[in-house]
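K.L.:
need a structure here:
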Amino acid sequence: MLTHVIERILQALAVMLVMSALVFVGVYAIGNPIDVLIGPDVSQDIRLDTIARYGLDKPLWEQYFTFLDRVLHGDFGRSFVFGMPVLELILSRLPATLELTLAAVLGAALVGIPAGIYAGYRPDSPLSKLIMALSILGFSVPTFWIGLVLIMTFAVELQWLPAGGRGETARLFGVEWSFLTPNGLSHLLLPALNLAFFKLALMTRLARAGTREVMLTDTVKFARAAGIPESVILRRHVLRLISIPLVTVFGLEFASTLAFAVVTETIFSWPGIGKLIIDSIQSLDRPVMVAYLMLVAFVFIMINFLVDLTYFALDPRLRKGRA
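P.N.:
Numbering: from 1, shown residues only. Next comes the predicted model:
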């Protein structure tokens with residue numbers, strides 16, 4: 001087990017190093033942020049001084065190694081637009097996106113997995129057919145369209161929920177959270193629901209397919225022959241056997257939602273890192289763009305690492321294989 005963990009850590013470090021080079025070159029080789037930072041009517045001396053101040057007069061490879069040295073010391077540079085450390089800027093927006101992501105993915109899992117298990121256990125019931133029809137709808141309808149419908153229905157027509165913003169927040173462990181206040185929770189519901197639709201459909205269909213497969217195995221047949229109650233079979237056998245693919249999808253969906261909640265944050269004016277990266281792309285704020293993409297790579301690597309460790313906890317065959 002320890003050997004496996006060390007191997008995965010070394011692989012993660014190698015991937016992060018490669019990703020840092022690809023991200024840096026890809027971002028810094030495109031566009032010229034000086035055209036955005038200063039006006040076209042400034043003198044050539046001011047223009048050259050600005051280029052030198054941001055280190056853009058150096059070769060690209062030298063800029064990369066300077067960047068890598070700063071990163072190793074915990075410094076991702078300063079934002080061209082906001083004029084503050086990039087890491088501080090991203091961390092100030094991260095709780096909003098993390099809160100939205102957790103609400104969406106956890107909600108989708110808590111509803112989708114039981115619904116999928118029921119649909120797989122009773123495939124011919126009317127409720128199961130309704131569940132599968134709704135899951136198809138979740139796959140088919142674009143996220144931005146669902147967001148607009150939610151705003152028109154619940155914010156404009158019914159006026160039950162606010163159309164955008166984060167609302168009031170409360171501090172917990174030194175971080176501001178919306179779900180701790182009634183007003184903030186009302187602002188959280190619509191964007192979380194918008195993000196959860198696709199995840200809900202995916203979790204439902206995956207749980208349904210896994211349940212249908214497991215119900216035909218000898219394990220379930222022998223359990224039924226032994227007189228074990230159906231509730232126990234579903235809890236101890238079916239859920240346990242389908243847990244590994246569910247954990248995999250949950251981890252990947254959490255990482256992708258955390259990294260790419262751009263559309264939802266834009267529609268609902270949610271002040272997270274997704275909206276920040278859109279603003280940074282428009283202004284060619286290179287340090288923010290690079291740090292954001294590095295964060296995305298780090299999140300995916302860490303989620304895969306945690307999912308891999310969860311496999312060992314769920315499947316004893318893997319532990320025996322490493323023994």
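K.L.:
Buried residues of stretch 84-91, list them for me.
P.N.:
Buried residues in stretch 84-91, counted by 16 or more other Cβ atoms under 10 Å: 85, 86, 87, 89, 90. For glycine as for every other residue, the C-beta is placed from the backbone atoms N, C-alpha and C.
K.L.:
looking only at pLDDT, what's the mean for it?
P.N.:
For stretch 84-91, mean pLDDT rounds to 85.
K.L.:
Could you dump the buried residues of stretch 84-91 into JSON lines and include secondary structure and distance to residue 221?
P.N.:
Listed next are those as JSON lines, based on DSSP: H, G, I helix; E, B strand; the rest coil; distance: Cβ to Cβ, whole Å:
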{"residue": "85", "secondary structure": "strand", "distance to residue 221": "61"}
{"residue": "86", "secondary structure": "helix", "distance to residue 221": "58"}
{"residue": "87", "secondary structure": "helix", "distance to residue 221": "56"}
{"residue": "89", "secondary structure": "helix", "distance to residue 221": "58"}
{"residue": "90", "secondary structure": "helix", "distance to residue 221": "53"}
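K.L.:
From these, pick the one nearest residue 117.
P.N.:
Here the nearest of the buried residues of stretch 84-91 to residue 117, counting by Cβ to Cβ, is residue 90; it sits at 38.1 Å.
K.L.:
picking up where we left off before, I'd like the buried residues of stretch 84-91 laid out as CSV, including distance to residue 71.
P.N.:
Shown next, in CSV, are the buried residues of stretch 84-91 (distance: Cβ to Cβ, whole Å):
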residue, distance to residue 71
85, 12
86, 10
87, 10
89, 15
90, 13
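K.L.:
And what about the nearest residue to residue 151 once chain neighbours are set aside, helix, strand or coil?
P.N.:
Spatial nearest neighbour of residue 151, chain neighbours left out: residue 163 (5.0 Å); criterion: Cβ to Cβ, 6 or more residues apart in numbering. At residue 163 the chain is in coil, as set by DSSP: H, G, I helix; E, B strand; the rest coil.
K.L.:
With residue 263 as the reference, measure out to residue 163.
P.N.:
15 Å (Cβ to Cβ, to the nearest Å).
K.L.:
cool, and residue 270?
P.N.:
11 Å.
K.L.:
can you check residue 57 too?
P.N.:
From residue 57 across to residue 263, the span is 37 Å (Cβ to Cβ).
K.L.:
between those two, which one's more packed in?
P.N.:
residue 263 (17 against 12; other Cβ atoms under 10 Å).
K.L.:
Tell me how far that one lies from residue 135.
P.N.:
From residue 263 to residue 135 the distance is 21 Å (Cβ to Cβ).
K.L.:
This completes my enquiry, with thanks.
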